[in-house]
Structure formats: C-alpha cells, structure tokens
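Q: The sequence isn't on hand, but the structure is:
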C-alpha cells in the first residue's frame, strides 16, 4: 500500500517538476514540500468551501472558497513556468488565508473559531520555504488577526449568517483538521526520514568503498617510490640534493594525506576498535622525540618537558596518543615555530583528570580560522615558518581521536600582530579517569 501511494505521488511530482528537473534550477525539496502541503491541506480547503455552500446563507464565502481552493490545488503547476518557490508558495498560502478570512468573517468574525487556522499558515510556509516564509506569514497572519480584533473592539457587527448545523460542522472540521494534519505531517516526516536514511546509507557505502580503494591503490605505488628514493639517496649528487629532498618531502606529504583520509574516515564510521591500556606518558614523549628528531634538529627547535612526566599514567591507546594526537600537535608546533625556539610539554594529573599542554612560541593562529581548526571541510591549512605545506587534516584527526578516547581539546593562541612577545599557541588536552599505576603494573 505504501509503495502504491509513493508511486502515485512521484508520478504527480514529476508532472509538476519536469521543467525544473530538466533545467536543474531549483532544489527538488522545495517542490516536494509544496506538493505534500497542497495534498494534505486540500481536503480541508474544499470541505470549508462546500460547508459554506450548504450552511451560510450569503454565497460569497462559497464563491471565494471555490476560487481559492482551485488556486490552492493548481498552484504547484506554476513550477512549470517559474523556479521562484517563494512566490509560488505565497500564492498557495495566500489563497488559504483569503478563504479562511472570508469564511470567518461571515460566521461571526472575531468570535468565529475559524480564525484559529491563521496559526497554521506560518508553519506551512516555514515547511516549504524555511525561516523567511515562516516570518513573512507570521507577520501577515498577525496583522490579519489584529484587523479582526480592531473591528471587534470598535463595535463592527460581523454578519453571522451560518446555521447552527454549520457551526457544529465547522467546529468538527477544526478538530478533525488538526488531528488529520498532524498525522499527515508526522507520517510524511517519518517516511522521508526512512527514504533519506536509505539513500545516505548507500552513499556512505559507496564513499567508504571509494576511500579504501583509492587509499589502497595509491599506497602500493607510493611504497615503491619511497623504497626507491631511499635506495637512490646515497647516490644523489650534492647539486641535486635540494631537488631530491623536495621530491622526498612531496612523497611523504602524499603518504600523510592517504593515511589521514583513511584514518579519519574509518574513525568517523566507527570501524576502528580502540584498545585501552595503562601507559606512562613519559614513554609517549620519548617516542615523539625519536619520531621528530630530524625535523627538530633541522629547525634547531628544543622539545622541553618536565621530569615529573614519569608519574603521569593514562588509561589510553599508546599508538593513537603518540602518533595521531600528540604527534600531530607536535608536528603542527614544529611547522609554525621559528628556528631555535622551544616547544614545551606540560602535564598534570589529579584524581579526576589528566591535563596535557603543548605550547609553542610560533606564528600563532589568526582569529578568522581559530574556530574552524577542527573542521574537516574548513580551509585552515597554512604555510609553516620554513615553507612547510600542510594538508588541513591533522587537527580534525586530533579532535576525533581525543573525543574517541573520552577527552576534550581546546586552544589558546596569539599572533605576532596581537602580541610581539607572547605570541604562540597552547593546545590543552584533558582526559578523564586517569589512574596511577602501581609498581607491579609498570613493570
């Protein structure tokens, strides 16, 4: 049954939207929203039109209701000639307001229960066009209501030419209408969610397959290139060494990009299991020093840390903490630090959490990108003090893994323009539930 309803709906949708789909000049969602609202509210428009015919002695509400119901019904056809969804939705909603106002005026005016329908128009407009529509029709319906109120306060006599039976049916339509509309809205919402989830699942699967295929296919030839470069290095003439190092650096950058993309995507999908065990933070720092010894020596940067690190014990994953978290932050600090400057690592621990601070005296982070550093899609990559190029993936990876390990990350930074003496960046990591090892556990 659901499939038949969907098939019939999409036939109607493609009839209405065929020009827009051909020209690709409007997001289909707007037409979907409009069409669903027309189908769900149309029955009430026509019900009130014929109720006016049968129970109101003055035929004006019927003729107005009939005209507005036709405009309401055929309003989606305007998409055949225009892509202005805001204009088309205003035609559709305006027809509803005129119909409701006319029926209300001839059935008691301000005292008519029909004006309660004014409240649904901003919601419908918001569903179709977003905030702009909701605000627009909130203003229009409020002004219409205030007009009815003003007429009532000034003693205007509204023509109450509806029969008692008509009042009963009008009241019934209000109760039925709100129940019916809320049911339809929820049903459509759930249905669209199900469809979107299915589409997103298929897209995610395709993206995942593509990421891992590309990562695998790039990694294989890249391994060959890296191996050959290592073999060729001892035979490179002095005059060609600068060019060789650039090629080597570019190869390392490509390798880093591949690893970062693969790791970040796997983590976001929850495909990687993280094994936690108790580790000494001092060992993490020692590994970092070894990993970055060449870069530290090349830029004559001093990695300082305090001897009390031996007492800092974390329940964490040593590989992730060393390479993906601390390693990325140290790499960043080296990149943006001038030669012969320090990078300081501080750590402190209490019964509740472990706090790690990595501090450099480098360029600092400009205010306009500070709040976007951990966003994958944001363009935050900058050139380092020695011309190092970045990928922009490092800090998003850090944030993902810190959160996966139950921690949080924040930063403080000042550029040279903000402070000539205190410029630099501090990354603050906080991990909860850190515990000290006993002597037996550390052995």
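A: Done, it's in. From a predicted model like this one, the values you see are computed outputs, not experimental measurements. Residues are numbered from 1 along each chain as shown.

Q: Which secondary structure state does residue 411 sit in?
A: Secondary structure assignment for residue 411 (DSSP: H, G, I helix; E, B strand; the rest coil): strand.

Q: wait, it sits on residue 428?
A: Yes: with contacts counted by C-beta atoms under 8 Å, residue 411 reaches residue 428, the gap being 6.8 Å. For glycine as for every other residue, the C-beta is placed from the backbone atoms N, C-alpha and C.

Q: Am I right that residue 82 falls within a strand?
A: No: read with three-state DSSP, residue 82 is coil and lies in no strand.

Q: roughly how far apart are the residue nearest to it when sequence neighbours are not counted and residue 25?
A: Leaving aside its sequence neighbours, residue 82 sits nearest to residue 88 (C-beta to C-beta, 6 or more residues apart in numbering; 6.7 Å). Using C-beta to C-beta, to the nearest Å, one obtains 13 Å as the distance from residue 88 to residue 25.

Q: more crowded one of those two?
A: Taking other C-beta atoms under 10 Å, residue 88 and residue 25 do not tie; residue 88 has more neighbours (23 against 11).

Q: Helix or strand: which one has that one?
A: Following DSSP states H and E, one finds residue 88 within helix 85-105.

Q: list the buried ones in that helix?
A: Within helix 85-105, the residues that count as buried by 16 or more other C-beta atoms under 10 Å are 85, 88-90, 92-105.

Q: now swap in stretch 309-320 and tell me
A: Residues of stretch 309-320 classed as buried: 309, 312, 313, 314, 315, 316, 317, 318, 320 (neighbour count, 16+ other C-beta under 10 Å).

Q: What ranges does the stretch 201-350 of the chain have for its strands?
A: Applying DSSP state E, counting those that start in this stretch to the stretch 201-350 of the chain gives strands spanning 277-280, 302-305, 313-316, 342-349.

Q: To residue 47, which of these lies closest?
A: strand 313-316 (64.9 Å; C-beta to C-beta).

Q: What does residue 56 show for phi and psi?
A: Main-chain dihedrals, residue 56, degrees, to the nearest 10: phi -110, psi 130.

Q: Please spell out which residue in this protein sits farthest from the middle.
A: Taking C-alpha atoms, centre = their mean, the residue of the chain most remote from its mean C-alpha position is residue 57, at 54.7 Å.

Q: right, and that one touches residue 160 too?
A: No: using C-beta under 8 Å, residue 57 and residue 160 do not qualify as a contacting pair, with a distance of 10.3 Å.

Q: Give me the mean pLDDT for stretch 245-256.
A: In this model, stretch 245-256 carries a mean pLDDT of 70.

Q: hang on, I meant stretch 10-28
A: On average, stretch 10-28 scores 89.

Q: can you check stretch 314-327 too?
A: 82.

Q: got it, and stretch 165-173?
A: Taken as a whole, stretch 165-173 has a mean pLDDT of 92.

Q: Would you confirm that residue 299 contacts residue 336?
A: No: applying C-beta under 8 Å as the test, residue 299 and residue 336 come out as separate, 10.6 Å apart.

Q: When these two are compared, which one has more neighbours?
A: residue 336 (24 against 18).

Q: Most tightly packed of the strands of the stretch 201-350 of the chain?
A: Neighbour counts (mean count of other C-beta atoms under 10 Å) averaged over each of the strands of the stretch 201-350 of the chain peak at strand 313-316, with a mean of 22.

Q: Residue 427 touches residue 329, doesn't it?
A: Yes: assessed by C-beta under 8 Å, residue 427 is found in contact with residue 329 at 5.2 Å.

Q: Now for the two: what residues contact both?
A: Here residue 427 and residue 329 have residue 358 as joint contacts, going by C-beta atoms under 8 Å, 6 or more residues apart in numbering.

Q: confidence score at the closest residue to the residue farthest from the centre of the chain other than its chain neighbours?
A: Of all residues beyond its chain neighbours, the one nearest residue 57 is residue 161 (4.6 Å), with distances taken as C-beta to C-beta, 6+ apart. pLDDT recorded at residue 161 is 94.

Q: Adjust the sequence numbering to begin at 36 for everything that follows.
A: Will do, 36 is the new start, and the previous item becomes residue 196.

Q: From residue 144, how far out is residue 196?
A: Taking C-beta to C-beta as the measure, residue 196 falls 11 Å from residue 144.

Q: Comparing the two, which shows the higher neighbour count?
A: For residue 196 and residue 144, the more surrounded residue by other C-beta under 10 Å is residue 144, and the numbers stand at 20 against 15.

Q: Who are the contact partners of the more buried one?
A: Contacts for residue 144 (C-beta under 8 Å, 6+ apart) come out as 183, 186, 187, 191, 193, 195.

Q: Return the backbone torsion pair for it.
A: For residue 144, the backbone dihedrals (degrees, to the nearest 10) come out as phi 60, psi -120.

Q: which element is the nearest residue in space to residue 79 that is not next to it in sequence on?
A: Excluding its sequence neighbours, the residue lying closest to residue 79 (C-beta to C-beta, 6+ apart) is residue 212, at 5.0 Å. Here residue 212 sits within helix 199-268, counting by DSSP H and E.

Q: and residue 87, how many neighbours does it have?
A: Count around residue 87 with other C-beta under 10 Å applied: 26.

Q: how about it, secondary structure?
A: Of the three states, residue 87 takes helix according to three-state DSSP.

Q: my guess is it contacts residue 102, does it?
A: No: using C-beta under 8 Å, residue 87 makes no contact with residue 102, being 11.8 Å away.

Q: Give me the angle between the helix or strand that contains residue 394 and strand 377-384.
A: Assigning secondary structure by DSSP H and E places residue 394 in strand 388-395. Interaxial angle, strand 388-395 versus strand 377-384 (axes from the mean of the first three to the mean of the last three C-alpha atoms, to 10 degrees): 170 degrees.

Q: Let me see the residues that make contact with stretch 85-101.
A: With C-beta under 8 Å, 6+ apart as the test, stretch 85-101 has contacts from 80, 83-84, 133-134, 137-138, 140-142, 194, 196-198, 200-201, 204-205, 208.

Q: which parts of that stretch are buried?
A: Using 16+ other C-beta under 10 Å as the test for burial, stretch 85-101 gives 86, 87, 90, 91, 96, 97, 99, 100, 101.

Q: now do stretch 362-375
A: Within stretch 362-375, the residues that qualify as buried are 362, 363, 364, 365, 366, 367, 368, 369, 370, 371, 372, counting by 16+ other C-beta under 10 Å.

Q: distance between that stretch and the chain's centre?
A: What separates the centre of stretch 362-375 from the centre of its chain is 31 Å, taken as C-alpha atoms, centre = their mean, to the nearest Å.

Q: Done for today, thanks.
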